[in-house]
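# prediction below, plus the sequence it came from.
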Amino acid sequence: MTATKTALDPKLFKKIEIICEKGEEQLESEQYDTAIETFMEAYDLVPEPKIHWNVSTWILTALGDAHFMLGDWDSLEESAGFAMLCPEGAVNPYLHLRLGQAHFELGNMEPAKEQLTKAFEAEGAEIFGDDDAKYLAFAQA
């Protein structure tokens, strides 16, 4: 079994970080499609296998946020699902939230309940922030 790689070459990491900061600014400016392109640019720089790198968790989570804002549930489910496979992904309450929301919107209620409940149990109602109250209500039902 090979060890999971967690740190990139510092120069490559800095390049990815700069690109992701640009993507975060685009998210904040509600330029979601542009943010997706920017995060994909950063993700393309991550060496294979991408799921072995911590930075992939970060990029895929941000990518999922952009998909969430656009209501692109299939793409959110895909990015959050891949992020779960990356280092620390499976224990990240925010990823449980986003994956649960994707499942909810796609009508996959059993996995939605499981993921939203994990997010709620880990972080309480605060993790749901300003998102539609239906997600918190479903997690608590």
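Okay, I see it. Numbers count the residues shown, from 1 in each chain.
# A90 contacts F82, doesn't it?
No - applying Cβ atoms under 8 Å as the test, A90 and F82 come out as separate, 11.7 Å apart. For every residue, glycine as well, the C-beta is placed using N, CA and C.
# the two: which is more packed in?
Neighbours per residue (other Cβ atoms under 10 Å) separate A90 from F82, with F82 holding more: 19 against 13.
# show me what contacts the more buried one?
Under the criterion of Cβ atoms under 8 Å, 6 or more residues apart in numbering, the neighbours of F82 are K50, I51, S56, L60.
# repeat that for I19.
So I19 contacts T38, F39, E41, A42, L45 (Cβ under 8 Å, 6+ apart).
# any idea which element it lies in?
Secondary structure assignment for I19, by DSSP states H and E: helix 10-28.
# after that helix, which helix or strand is next?
helix 32-45.
# and the helix or strand encompassing E78, what's buried?
Element membership of E78, judged by DSSP H and E, is helix 73-85. Residues of helix 73-85 classed as buried: W73, S75, L76, E77, E78, S79, A80, G81, F82, A83, M84 (neighbour count, 16 or more other Cβ atoms under 10 Å).
# before we move on, what about stretch 117-125?
T117, K118, A119, F120.
# could you report the separation of the first one from H96?
Same thing as T117. As judged by Cβ to Cβ, to the nearest Å, T117 and H96 stand 8 Å apart.
# now swap in the second one and tell me
For K118, the distance to H96 under the criterion Cβ to Cβ works out to 4 Å.
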